[in-house]
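My questions concern the predicted model and sequence given below.
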Amino acid sequence: MAGLDDFEPLNVAEQRLIAGIGSVETVVFGQDVPPEDAGPERRIRAGLIAWLMRGGDGTVTVPETGVRVAGAWIAGQLTLEGARCPRSLALLFCRIEDAPVLMDAEIDNLFLNRTHLHGLEAERLTTRGGVFLRGAKVTGEVWLVGAKLGGNLDCGGATLTAGKTGLALRADGARIDGALFLRSDETGKTGKRTKITGMLDLTGARIGTIVDDPSCWPGPGDLRLNRCVYDAFVGGPVDAASRIDWLARQDRSAETGEFQPQPWEQCAKVLREMGHRADARAILIEKERRQRAAGRAKLRAQLRNTAPPGTPAITTRAPLIGGAVRLAAQAAWDGTLGAVLGYGHDMKRVLIWLGAAWLLGVLVFAIAFAQGAMKPNNAFILRSVEWAACADDYVQKPGAPETRREPDHASQLACFQAQPEAAGYPRFNPWVYSADTLLPVVNLELQGYWVPDGAAAAPIGAAARAFLWLQILAGWALSLLAVAGFSGLVRSD
């Protein structure tokens, strides 16, 4: 194992570090990030810090709190790959020449607050506490793939700029028992907000809570959340519109461009458990809409590739027409499910549609009745003298009764109802009649007594007759959709 003598001669800053590490909590070399041309009074070799983190050689007492340096230039590459260090490393507002390497290392905490560095290689890093990049400026990739953090991953106020790979921070498969901070550095009093330029990859990560702010989110297409699991949002927005904007920033190119429903379902689950049920429902509805739209887009792409160049048109016309019909039918079906059921997630919509159809029926049938365009739906009554003698074209035959149509009877129906024989016939009620014709599972016994008169002089009779059939069909369709929605048959999950 290397000894302190291997680092001789020590420069001014390194001598101060060795002298102060056991006596002060933090060895301070300046109150700000050193300039790139900083002299030996602020330069410390990365190897010396790594040696101290590993415990040194007994000639220097390294405190249990670890190595804490502020305002220094760290020259070279700090390498702690595979190290088991029961202490923390804090490089505060320092400038680090090369990206530190902490792959497979075990430490207590890693503090890089307000430090400037060119990336961080910390795959499978294990910490008892957390990793703190509060206010840091990182130009290059931060790799935390498979890391296990017992505390927070704090990027509050950090500026993360992607390197050659396009990744700013990659934490796929990481486990963060604390919180992921992506918001302004309020604790550090810098007032800076997190700025991510490049991809934020949280694929398969397990996070305790997410503390974020919309102004700190990565740009459109720069977020990966597939299989990411978390327990709650803290301090950030919990309304559906904001979280839909957040989820819509996901990149779809990494995994064959397929729509990934899990991030949407996870977000809805968290919002529902936090008590925001309406917002969770809106997330699931938007997820269904986008998932179905992605399915139709995939079908359109297949149709575009159906006919390779030079293929005779006659051999591809039928598949293309069939595919187009299928696409149109799918779009119509998806639109219907969304409007009527919210894809099975908002069942009150079907009640609204039923209510609207019922009220429209009330209006149509009330007008038809007022204009005499309703008639008894009973063969015995329609063949009776009381009804027949009230017709406009009634022709009296020998031995038959005279017409019963009085001048003040505006219609055959008014004439019929004015007779004592009609007193026992059920009275027409448009409110009840509309419900009776609309709801297939309800029998209010009025549809069997009344029906629109398609042959009536008033045009409303034919219109009401046509509307009756449409309302019956609508009632069956809405009822079946309601059953399918309540049973979950129309959902994609």
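In hand now; what should we look at? None of the values given here were measured: they were computed from a predicted structure.

Where does pLDDT dip in the stretch 201-350 of the chain?
253-257, 306-319 (pLDDT under 70).

For the spatially most central residue of the chain, what is the enclosing helix or strand?
In the chain, the residue lying closest to the centroid (Cα atoms, centre = their mean) is Trp264, at 3.9 Å. Element membership for Trp264, per DSSP states H and E: helix 262-273.

which secondary structure elements does that helix contact?
Secondary-structure packing of helix 262-273 (3 or more Cβ pairs under 8 Å, 6 or more residues apart in numbering; DSSP states H and E): strand 229-233, helix 240-247, helix 277-304. Placement of C-beta: from N, CA and C, glycine included.

Now distance to Ala339 and mean neighbour count too, for these, in TSV please.
Shown next, in TSV, are the helices and strands packed on helix 262-273 (distance: least, Cβ to Cβ, whole Å; neighbours: other Cβ atoms under 10 Å):
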stretch	distance to Ala339	mean neighbour count
strand 229-233	30	17
helix 240-247	18	18
helix 277-304	11	17
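
hmm, back to that, what does the helix holding Trp264 rub up against?
Residues outside helix 262-273 that contact it (Cβ atoms under 8 Å, 6 or more residues apart in numbering): 225-233, 238, 240, 243, 246-247, 250, 277, 279-281, 283-284, 286-287, 290, 493.

again with stretch 204-217
Applying Cβ under 8 Å, 6+ apart, the contact partners of stretch 204-217 are 171-184, 193-196, 223, 226-237, 242, 245-246, 249.

buried sites along it?
Under the neighbour-count criterion of 16 or more other Cβ atoms under 10 Å, stretch 204-217 has Gly204, Ala205, Arg206, Ile207, Gly208, Thr209, Ile210, Val211, Asp212, Asp213, Cys216, Trp217 buried.

Sort out for me which of the residues you listed are in strands.
Among these, the members found in strands (DSSP state E) are Arg206, Ile207, Gly208, Thr209, Ile210, Val211, Asp212.

Which stretches in the chain count as helices?
For the chain, helices defined by DSSP state H occupy the ranges 12-20, 46-53, 240-247, 262-273, 277-304, 313-341, 348-370, 379-382, 385-388, 412-417, 430-438, 460-487.

Figure out which of those is closest to Arg95.
Ranking the helices of the chain by proximity to Arg95 (Cβ to Cβ) places helix 46-53 first, at 11.6 Å.

Give me the helices and strands touching the closest one, please.
Secondary-structure packing of helix 46-53 (3+ Cβ pairs under 8 Å, 6+ apart): helix 12-20, strand 66-70, strand 73-75, strand 88-92.

Is it possible to get TSV of these that adds mean neighbour count and mean pLDDT?
Listed next are the helices and strands packed on helix 46-53 as TSV, based on neighbours: other Cβ atoms under 10 Å; pLDDT from 0 to 100:
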stretch	mean neighbour count	mean pLDDT
helix 12-20	17	93
strand 66-70	22	96
strand 73-75	23	96
strand 88-92	23	97
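
Need these in TSV (columns: distance to Phe365).
Formatted as TSV, those follow (distance: least, Cβ to Cβ, whole Å):
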stretch	distance to Phe365
helix 12-20	92
strand 66-70	83
strand 73-75	85
strand 88-92	79
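
Out of those, which is closest to Arg383?
So among these, strand 88-92 is nearest, using Cβ to Cβ, at 99.7 Å.

could you give the angle of the closest one to strand 66-70?
Between strand 88-92 and strand 66-70, the angle comes out at 0 degrees (axes from the mean of the first three to the mean of the last three Cα atoms, to 10 degrees).

Show residues contacting strand 88-92.
Applying Cβ under 8 Å, 6+ apart, the contact partners of strand 88-92 are 26, 49, 53, 65-72, 74, 80, 107-115, 129.

Buried subset of these, written for ChimeraX?
Applied in ChimeraX, the following selects the buried portion of the contacts of strand 88-92 according to 16+ other Cβ under 10 Å:
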select :49,53,66,67,68,69,70,71,72,74,80,107,108,109,110,111,112,113,114,115,129
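
related to what we said a few turns ago, how about the helices and strands packed on helix 262-273 in JSON lines, adding distance to Ala329?
Below are the helices and strands packed on helix 262-273 laid out as JSON lines (distance: least, Cβ to Cβ, whole Å):
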{"stretch": "strand 229-233", "distance to Ala329": "37"}
{"stretch": "helix 240-247", "distance to Ala329": "27"}
{"stretch": "helix 277-304", "distance to Ala329": "11"}
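
closest to Trp358 out of the ones you listed?
helix 277-304 (24.6 Å).

counting contacts, what elements does the closest one pack onto?
helix 240-247, helix 262-273, helix 313-341.

Make CSV out of the ones you listed and add distance to Phe380.
As requested, those are exported to CSV (distance: least, Cβ to Cβ, whole Å):
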stretch, distance to Phe380
helix 240-247, 59
helix 262-273, 58
helix 313-341, 40
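
right, and those - which one's nearest Glu121?
helix 262-273 (26.9 Å).

From the chain's centroid, how far away is the closest one?
In terms of Cα atoms, centre = their mean, to the nearest Å, the centre of helix 262-273 is found 8 Å from the chain centre.

Ok, stretch 376-392 next?
Worked out by Cα atoms, centre = their mean, stretch 376-392 lies 62 Å from the chain centre.

pLDDT of that stretch, averaged?
For stretch 376-392, mean pLDDT rounds to 73.

Okay, buried residues for it please.
Pro376, Asn378, Ile381, Ser384, Glu386, Trp387, Ala388, Ala389, Cys390.

Render the CA-only coordinates of it in PDB, please.
Once non-C-alpha atoms are left out, stretch 376-392 reads as follows in PDB (Å, rounded to 0.1, in the frame of the first residue of the first chain):
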ATOM      1  CA  PRO A 376    -102.100   4.800 -29.200                       C
ATOM      2  CA  ASN A 377     -99.800   1.700 -29.600                       C
ATOM      3  CA  ASN A 378    -102.700  -0.700 -29.300                       C
ATOM      4  CA  ALA A 379    -104.300  -2.500 -32.200                       C
ATOM      5  CA  PHE A 380    -107.700  -2.700 -30.500                       C
ATOM      6  CA  ILE A 381    -107.800   1.000 -29.900                       C
ATOM      7  CA  LEU A 382    -106.700   1.800 -33.500                       C
ATOM      8  CA  ARG A 383    -109.600  -0.300 -34.900                       C
ATOM      9  CA  SER A 384    -112.200   1.200 -32.500                       C
ATOM     10  CA  VAL A 385    -114.900   3.600 -33.500                       C
ATOM     11  CA  GLU A 386    -113.600   6.100 -31.000                       C
ATOM     12  CA  TRP A 387    -110.300   6.400 -32.900                       C
ATOM     13  CA  ALA A 388    -111.400   5.800 -36.400                       C
ATOM     14  CA  ALA A 389    -114.200   8.300 -36.300                       C
ATOM     15  CA  CYS A 390    -111.800  11.100 -35.400                       C
ATOM     16  CA  ALA A 391    -109.600  10.700 -38.500                       C
ATOM     17  CA  ASP A 392    -109.400  13.600 -41.000                       C
END
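
Once you drop chain neighbours, what's closest to Gly236?
Asp212 (4.3 Å; Cβ to Cβ, 6 or more residues apart in numbering).

quick one: the one you found and Thr127, what's the gap?
21 Å (Cβ to Cβ, to the nearest Å).

before we move on, what about Val142?
Distance, Val142 to Thr127, by Cβ to Cβ: 14 Å.

When these two are compared, which one has more neighbours?
Per other Cβ atoms under 10 Å, whichever of Val142 and Thr127 has more neighbours is Val142, with 28 against 25.

Now do the same contact list for that one.
Residues near Val142 by Cβ under 8 Å, 6+ apart: Gly119, Leu120, Ala122, Leu133, Leu160, Ala168, Leu169, Arg170.
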